[in-house]
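S.K.: quick one, fold the following:
(one chain, ligands or ions: 1)
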Amino acid sequence: MQFLIDATGSPALAWALVIAIALVVLIAIALWVRASARTRPGEPAVARKGLDLQLARAREGLLGRLREAVSGASGAELFSNLEEVLVTADFGLDTTSALLKKVKEKDAGAEHVDEALREAILEIFDRVQRPFEPTAKPTVIMVVGINGVGKTTSIGKVAAHFSRQGRTVLLGAGDTFRAAAIEQLGIWAERSGSDIVKGQPEGDPAAVCFDAVKAGQARGVDLVICDTAGRLHTKSNLMEELKKVKRVMAKALPEAPHEIWLVVDATTGQNAMQQARLFHEAVGLTGLVMTKLDGTAKGGTLVGMVRELDVPVRFIGVGETIDDLRPFDPRAYVEAILGEE
Ligand code: GDP
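M.R.: The predicted structure follows:
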């Protein structure tokens, strides 16, 4: 202290300096504690940070534009600006109107528009989302989606996710129309420690899925995950082929498939929405997996899809590696695309 008094030339100045340093240290500790508290119990800080980082592009785009659009605006102008932001973020016209209506009802004013929007989006998810528990043994999941959306990669990541939980997984290489898809699924089976049932390239996909379900039953695995074609070489209709695969799986096990998940690519926006409608109409979806959320500012597609189809989101893909998959958590998602609560 004497040193400080000597250095500053005044006891009052020396004390002011000590208090200022103490304040800076206290603020740093408070910030650290706050950042740690944002990590949910049971969730590694790294994973949380990872999701935030990987979805940062979506957030920067959406929240930034939202704040800009509403700042200084009020009344009709505020809602028209907000509408534009939501449409550009691919919420879709119907969902945008539904969200605007909710935000208006909440009568939030410009400073609280993002909060009202966050609540309105969570209401959509909360109505539909149910936790997924593979209780049947085996639980059979048929995975559908067009080529290139990340279907094979997602099946591999989902298999790894359940393997890590100590569940046994068997993959069915039902995309017999692409030799590369069979090979790629084989690699993912190895990576995720899963069994695999393959057929011949160009073979009957329904027969492969039938065999996979039977093998899953015989081996007593917890989950059978069946890949399917995303495009056919012939002119025959993909949806008819998928309906057939579904029917044939039920011959192997009457309750199968317990789940039918559609994989969609977030970067394709309203195209993904269109695909979801078609697949849902054809085979009846029970879950969605949205990939490539790490590379898009269009986080709204997912919200529109859930609202329109009443189908829960099971997982989201946030990168190309085996760990870049997250079980869908609506709160974490909304927080990641709209910023902190
Ligand atoms: P499929 O034709 O639907 O089976 O698609 P693939 O699984 O082969 O994936 C197509 C491409 O998308 C590959 O390069 C994958 O690495 C990539 N991919 C899949 N999921 C994600 C994701 O969540 N994020 C990113 N950035 N790329 C992904």
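
S.K.: and the strands in the stretch 1-150 of the chain?
M.R.: Counting by DSSP state E, counting those that start in this stretch, the stretch 1-150 of the chain has strands at residues 139-144.

S.K.: show me what residue of it gets nearest to the ligand.
M.R.: As assessed by CB to the nearest ligand atom, the ligand sits closest to residue 150 within the stretch 1-150 of the chain, at 2.9 Å. To be clear about C-beta, it is placed using only N, CA and C from the backbone, and glycine gets the same treatment.

S.K.: I figured that residue hits residue 291, correct?
M.R.: Yes - using CB atoms under 8 Å, residue 150 is in contact with residue 291, at 3.5 Å.

S.K.: returning to what we had before: would you enumerate the residues in contact with the residue of the stretch 1-150 of the chain closest to the ligand?
M.R.: The contact partners of residue 150, taken as CB atoms under 8 Å, 6 or more residues apart in numbering, are 263, 265, 291, 292, 317.

S.K.: about what we covered before: spit out the residues that contact residue 150 and residue 291 alike.
M.R.: 263, 265, 317.

S.K.: okay, and the beta partners of the second one?
M.R.: Okay, so that is residue 265. residue 291 (DSSP bridges).

S.K.: that one is in contact with residue 292, isn't it?
M.R.: Yes - assessed by CB under 8 Å, residue 265 is found in contact with residue 292 at 5.2 Å.

S.K.: pull up the residues of the stretch 101-250 of the chain that are close to the ligand.
M.R.: Proximity of the stretch 101-250 of the chain to the ligand, by CB under 6 Å from any ligand atom, involves residues 145, 147, 148, 149, 150, 151, 152, 153, 230.

S.K.: give me that answer again for 8 Å
M.R.: Proximity of the stretch 101-250 of the chain to the ligand is confined to 145-157, 175, 178, 181, 184, 227, 230 under the rule CB under 8 Å from any ligand atom.

S.K.: out of the residues you listed, which are buried?
M.R.: Among these, those classed as buried by 16 or more other CB atoms under 10 Å are 145-146, 149-157, 175, 178, 181, 184, 227, 230.

S.K.: in strands, which of the residues you listed appear?
M.R.: Of these, none are assigned to strands by DSSP state E.

S.K.: just give me the neighbour total for residue 209.
M.R.: Residues near residue 209, counting by other CB atoms under 10 Å, number 30.

S.K.: host element of it?
M.R.: For residue 209, the host element (DSSP states H and E) is helix 205-219.

S.K.: also residue 305?
M.R.: Element membership for residue 305, per DSSP H and E: helix 300-309.

S.K.: and if you look at residue 225?
M.R.: strand 223-226.

S.K.: and the next element down the chain from that strand?
M.R.: As assigned by DSSP H and E, the chain's next helix or strand after strand 223-226 is helix 238-252.

S.K.: what is that next one packed up against?
M.R.: Contact here means 3 or more CB pairs under 8 Å, 6 or more residues apart in numbering; DSSP states H and E; on that basis helix 238-252 packs against strand 139-144, helix 205-219, helix 270-283.

S.K.: got the buried residues for that helix?
M.R.: Buried residues in helix 238-252, counted by 16+ other CB under 10 Å: 238, 241, 242, 245, 246, 248, 249, 252.

S.K.: residue 314 falls within a strand, correct?
M.R.: Yes - counting by DSSP: H, G, I helix; E, B strand; the rest coil, residue 314 is part of a strand.

S.K.: test my guess that it contacts residue 290.
M.R.: No - using CB under 8 Å as the test, residue 314 is too far from residue 290 to be in contact (9.4 Å).

S.K.: the closest residue in space to residue 127 that isn't next to it in sequence: how many residues sit nearby?
M.R.: Of all residues not flanking residue 127 in the chain, residue 310 sits nearest, at 7.9 Å (CB to CB, 6 or more residues apart in numbering). Residues lying near residue 310 (other CB under 10 Å) number 12.

S.K.: again, but for residue 12
M.R.: For residue 12, using other CB under 10 Å, the count is 9.

S.K.: what's the answer for residue 83, then?
M.R.: When counting by other CB under 10 Å, one arrives at 17 neighbours for residue 83.

S.K.: do residue 215 as well
M.R.: Around residue 215 there are 18 other residues, counting by other CB under 10 Å.
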